[in-house]
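# just a sequence and a predicted model for now, questions to come.
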Amino acid sequence: MGKKHIAVAMGGYSSEFEISINSGGVVCKALDKNKYEVYPVHIIKEGWYFVAENGTKHPVNKADFSFNNGSEIIRPDTVFNTIHGTPGEDGYLQAYWELLGIPHTSSDYYQAALSFNKRDCLSVLKNFGVRAANSYYVNEGTEINVEEIIMKTGLPCFVKPNRSGSSFGISKVNEMDAMMPAIKKAFTEDSEIIVETALVGVEVSVGVYNNGEEIIALPVTEIVSENEFFDYEAKYLGKSQEITPARISEEETEMVKKEAVRIYKLLNMKGITRSEFIIEKGKPYFLEINTNPGLSAESIIPKQAREAGMTLTEFFDILIQNVLK
């Protein structure tokens, strides 16, 4: 038995590509080199390349996702997908790899696409009794009635692009006059917008993954932002504290873990996901789910895995073994 060839896909076409390159680097470093030959593959607008250790770029053949490693043609046994945003978190690449018959560590294409669309995902989950904030949807080009929106969501509320990661384009609206500028800002990221009641409570984040048939919730992280909310600055520029395990009661911890696992099952997820909730008056309200959460050193999932007593090498190994079986 030779070593398995693992392509670590990173980059992407969205405003998050740098964060993804970071995540991919962490995965490449952590994977067990005794078991796997690891190939960093950059998937960016300029092109798809395997990037060798000396920085040489070898183009990927899109017909079968193969590339030259300098001495031979490699067709990966598995793809470890660390792309945040499009095309790695919204289903495009999942569908492509599925068509080629290459297993990958992320959710399947439909589940990825559904969860990437906050609005559609909420609509599905609300039917199963998942609690979420009141929301109002706006499409670009339609007439916007600010009073009607505020009647539904109240103030303060959040205006978010429907399909964007990393909190780009989000505003918190505290008074009526701020609504239109916030909507315009969100439209720079997406042609669909979601306006939601601002819930008041503790924001938490829960990783969930499968180990074979078993579905497991990781320890819960509490997010304390110095800014008005957990925006890009808070997430990546150190303007927030992330506390693992979260300072919530044992009962609330169990409840939010159980809800995160239930959502994972309802949406038929695979691999690692991260769900965000706000615990308001002792009950978890679902905000969103990420199917390719950040895996860089500062990211939440690596901290939760370590808190659960695993090294990243062990944790990433589980994700690869899930799909190699």
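Okay, I see it. Numbering: from 1, shown residues only.

# need the longest helix for the protein.
Taking DSSP state H as the assignment, the helix of the chain that covers the most residues is helix 250-266.

# could I get the buried residue list for it?
Of the residues in helix 250-266, those buried by neighbour count under the rule 16 or more other C-beta atoms under 10 Å are 252-253, 255-257, 259-264. C-betas here are computed from N, CA, C, even on glycine.

# closest to residue 144 out of those residues?
residue 263 (30.8 Å; C-beta to C-beta).

# what residues are up against the closest residue to that closest one other than its chain neighbours?
Residue nearest to residue 263 in three dimensions, not counting chain neighbours: residue 275, with 5.9 Å by C-beta to C-beta, 6 or more residues apart in numbering. The contact partners of residue 275, taken as C-beta atoms under 8 Å, 6 or more residues apart in numbering, are 205-206, 208, 259-260, 263-264, 286-290.

# reformat these as JSON lines; add distance to residue 115.
Compiled in JSON lines, the contacts of residue 275 are given as follows (distance: C-beta to C-beta, whole Å):
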{"residue": "205", "distance to residue 115": "15"}
{"residue": "206", "distance to residue 115": "14"}
{"residue": "208", "distance to residue 115": "12"}
{"residue": "259", "distance to residue 115": "15"}
{"residue": "260", "distance to residue 115": "13"}
{"residue": "263", "distance to residue 115": "9"}
{"residue": "264", "distance to residue 115": "10"}
{"residue": "286", "distance to residue 115": "11"}
{"residue": "287", "distance to residue 115": "12"}
{"residue": "288", "distance to residue 115": "8"}
{"residue": "289", "distance to residue 115": "5"}
{"residue": "290", "distance to residue 115": "8"}
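
# quick check: residue 211 touching residue 318?
Yes: judged on C-beta atoms under 8 Å, residue 211 makes contact with residue 318 at a distance of 5.2 Å.

# and the next helix or strand past the longest helix of the chain?
Elements were assigned by DSSP states H and E; along the chain past helix 250-266, the next helix or strand is strand 273-280.

# between that next one and helix 250-266, what angle do the directions make?
Direction vectors for strand 273-280 and helix 250-266, defined by axes from the mean of the first three to the mean of the last three C-alpha atoms, to 10 degrees, enclose an angle of 140 degrees.

# just checking: what are the partner strands of strand 273-280?
strand 202-211 (antiparallel), strand 283-290 (antiparallel) (DSSP bridges).

# most tightly surrounded among the ones you listed?
Compared across the strands paired with strand 273-280, strand 202-211 shows the largest average neighbour count, a mean of 23 (mean count of other C-beta atoms under 10 Å).

# tell me the mean pLDDT for that one?
Confidence over strand 202-211 (mean pLDDT, whole number) is 97.

# check which residues of the helix or strand that comes right after it are buried.
For strand 202-211, the following helix or strand on the C-terminal side (DSSP H and E) is strand 214-225. Neighbour-count burial for strand 214-225, with 16+ other C-beta under 10 Å as criterion, is recorded at 215, 217-223, 225.

# same for strand 214-225, what does it pack against?
Applying 3 or more C-beta pairs under 8 Å, 6 or more residues apart in numbering; DSSP states H and E, we find strand 214-225 packed against strand 202-211, strand 240-243, helix 250-266, helix 300-307.

# any idea of the mean pLDDT for the longest helix of the chain?
98.

# and it, what other elements does it pack with?
Judged by 3+ C-beta pairs under 8 Å, 6+ apart, the packing partners of helix 250-266 are helix 118-127, strand 202-211, strand 214-225, strand 273-280, strand 283-290.

# ok, back up a step: ok, of the contacts of residue 275, which one's closest to residue 313?
When the contacts of residue 275 are compared for distance to residue 313 (C-beta to C-beta), residue 208 comes out closest, at 20.2 Å.

# which strand residues bridge that closest one?
Counting by DSSP bridges, the residues bridging with residue 208 are residue 217, residue 273.

# give the contact list for it.
Taking C-beta under 8 Å, 6+ apart as the criterion, residue 208 is in contact with 215-218, 260-261, 263-264, 269, 272-275.

# pull stretch 188-208 out as PDB, backbone CA atoms only.
This file holds the C-alpha atoms of stretch 188-208, laid out as PDB (Å, rounded to 0.1, in the frame of the first residue of the first chain):
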ATOM      1  CA  THR A 188     -22.400  45.500  -3.300                       C
ATOM      2  CA  GLU A 189     -21.900  41.900  -2.200                       C
ATOM      3  CA  ASP A 190     -25.100  40.200  -3.400                       C
ATOM      4  CA  SER A 191     -28.300  40.900  -5.300                       C
ATOM      5  CA  GLU A 192     -30.300  39.200  -2.600                       C
ATOM      6  CA  ILE A 193     -30.500  40.600   1.000                       C
ATOM      7  CA  ILE A 194     -31.800  39.400   4.300                       C
ATOM      8  CA  VAL A 195     -32.800  41.800   7.100                       C
ATOM      9  CA  GLU A 196     -33.100  40.200  10.500                       C
ATOM     10  CA  THR A 197     -34.100  41.200  14.000                       C
ATOM     11  CA  ALA A 198     -31.000  41.800  16.200                       C
ATOM     12  CA  LEU A 199     -31.200  39.100  18.800                       C
ATOM     13  CA  VAL A 200     -29.900  39.900  22.300                       C
ATOM     14  CA  GLY A 201     -27.900  37.300  24.000                       C
ATOM     15  CA  VAL A 202     -24.600  35.300  23.900                       C
ATOM     16  CA  GLU A 203     -23.300  34.500  20.500                       C
ATOM     17  CA  VAL A 204     -21.800  31.000  20.200                       C
ATOM     18  CA  SER A 205     -20.300  28.900  17.500                       C
ATOM     19  CA  VAL A 206     -20.400  25.000  17.400                       C
ATOM     20  CA  GLY A 207     -18.400  22.700  15.200                       C
ATOM     21  CA  VAL A 208     -20.000  19.400  14.300                       C
END
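
# alright, I will stop here.
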